[in-house]
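Trainee: mind folding the following:
(2 chains)
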Number of protein chains: 2
Amino acid sequence: MDTNHPMGPYQVRPVGIIRQEVARTTIEVFDAYADALMGLEDFSHLVLLAWFHGTDTRSRRKILQVHPRGDPRNPLRGVFATRSPARPNPIGMWICRLLKMDGNRLLVEKLDAFDGTPVLDIKPCTEILDPAADVRIPEWAKKGRRT
Amino acid sequence: MDTNHPMGPYQVRPVGIIRQEVARTTIEVFDAYADALMGLEDFSHLVLLAWFHGTDTRSRRKILQVHPRGDPRNPLRGVFATRSPARPNPIGMWICRLLKMDGNRLLVEKLDAFDGTPVLDIKPCTEILDPAADVRIPEWAKKGRRT
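Mentor: From the prediction side, this is the model:
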């Protein structure tokens, strides 16, 4: 590894939090960042980056291969080929429909995330893949929605 | 703001670097993380998270609203409604086609990113939006590919 690599570390701070209720998910953006939401309601979908805080430990960051979804019947795969929360930088990504924006509270479609998950970033979803993009995923990844 | 919010900060470390050549982009994953790539070649597209290191300053992280793409003719928008590199946590996201995987080097379609950009995470692209998802974006966002 040459020494010109930028090694970090870099610091990230939560800008909000995921709140789970029975049938819905709300993203609460902290007051200090509310101004950063202006215009987001013009998009139908957003990209959410959040921190897998519940499972972030030094040892889990060292896990490089897993059986996706914790199912030993799935082939062993590198974590970069899965959505496992065990990964060197435990950042999760969701693409979801924005149902309603009420001040600094974003009601989105139900997300598979723990209540209290810290939000790192919100982006508008602009780069929808062309339906003709010929997206290919392996068989094991077709069996469930995530990981 | 109540005190139950997880405030961080959290640390992230580069797992690789973006290398730009004239007509192509290569993601070089550091040797220490090469095992995390196993199986990624089974996916046609990947999600890349990278750090906007060239523009990360304390003052730029405080910018909450911008004219998208730096064009004053675009309406002022919250950074969470844009892809601006100026944002509280300067993480960029790209979805791109994986053209070839050669050991720990991923050749991908040309990305709009600076040479030397630190890579934070790679994920398989599994959650392609349904073409029938009725994606809506505002007019200003239709004029270019990013921001």
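Trainee: what about the longest strand in chain A?
Mentor: Determined from DSSP state E, the single longest strand within chain A is strand A:91-102.
Trainee: need the contact list for the nearest residue to residue A:19 once chain neighbours are set aside.
Mentor: With sequence-adjacent residues excluded and distances taken as Cβ to Cβ, 6 or more residues apart in numbering or on different chains, residue A:19 is closest to residue A:26, at 4.5 Å. (Each C-beta comes from the backbone N, C-alpha and C, glycine too.) By Cβ atoms under 8 Å, 6 or more residues apart in numbering or on different chains, residue A:26 lies in contact with A:18, A:19, A:105, A:106, A:107, A:108.
Trainee: and those residues, which is closest to residue B:79?
Mentor: Of all those, residue B:79 sits closest to residue A:106, with 14.8 Å by Cβ to Cβ.
Trainee: now name the helix or strand holding that closest one.
Mentor: strand A:105-108 (DSSP states H and E).
Trainee: that strand pairs with which strands?
Mentor: Strand A:105-108 has the following strand partners under DSSP bridges: strand A:25-29 (antiparallel), strand A:91-102 (antiparallel).
Trainee: tell me how far the longest one is from the chain's mean position?
Mentor: Taking Cα atoms, centre = their mean, to the nearest Å, one finds strand A:91-102 lying 10 Å from the centre of the chain it belongs to.
Trainee: report the buried residues of stretch A:109-125.
Mentor: Buried residues in stretch A:109-125, defined by neighbour count with 16 or more other Cβ atoms under 10 Å in any protein chain shown: A:111, A:113, A:117, A:118, A:119, A:120, A:121, A:122, A:123, A:124, A:125.
Trainee: output those of these also counted as contacts of chain B.
Mentor: Among those, proximity to chain B is found for A:118, A:120, A:121, A:122, A:123, A:124, A:125 (Cβ under 8 Å from any Cβ of the partner chain).
Trainee: report pLDDT for the residue nearest the centre of chain A.
Mentor: Nearest to the mean C-alpha position of chain A, counting by Cα atoms, centre = their mean, stands residue A:93 at 1.9 Å. Here the pLDDT value assigned to residue A:93 is 93.
Trainee: how about it, what does it touch?
Mentor: Neighbour list for residue A:93: A:47, A:48, A:49, A:50, B:47, B:49, B:93, B:123 [criterion: Cβ under 8 Å, 6+ apart].
Trainee: how about the first one, phi and psi?
Mentor: For residue A:47, the backbone dihedrals are phi -110, psi 130 (criterion: degrees, to the nearest 10).
Trainee: my guess is it contacts residue A:91. True?
Mentor: No: between residue A:47 and residue A:91 there is no contact under Cβ atoms under 8 Å: 11.7 Å.
Trainee: element containing the residue lying closest to residue A:117 once chain neighbours are set aside, please.
Mentor: Leaving aside its chain neighbours, residue A:117 sits nearest to residue A:18 (4.2 Å; criterion: Cβ to Cβ, 6+ apart). In this assignment (DSSP H and E), residue A:18 forms part of strand A:16-20.
Trainee: show me what that strand is in contact with.
Mentor: With Cβ under 8 Å, 6+ apart, strand A:16-20 has contacts from A:25-30, A:33, A:48, A:50, A:104, A:111, A:113-119, A:122, B:5-6.
Trainee: excluding chain neighbours, give the residue nearest to residue A:63 in space.
Mentor: Residue A:63 sits nearest to residue A:86 (Cβ to Cβ, 6+ apart), 4.2 Å away.
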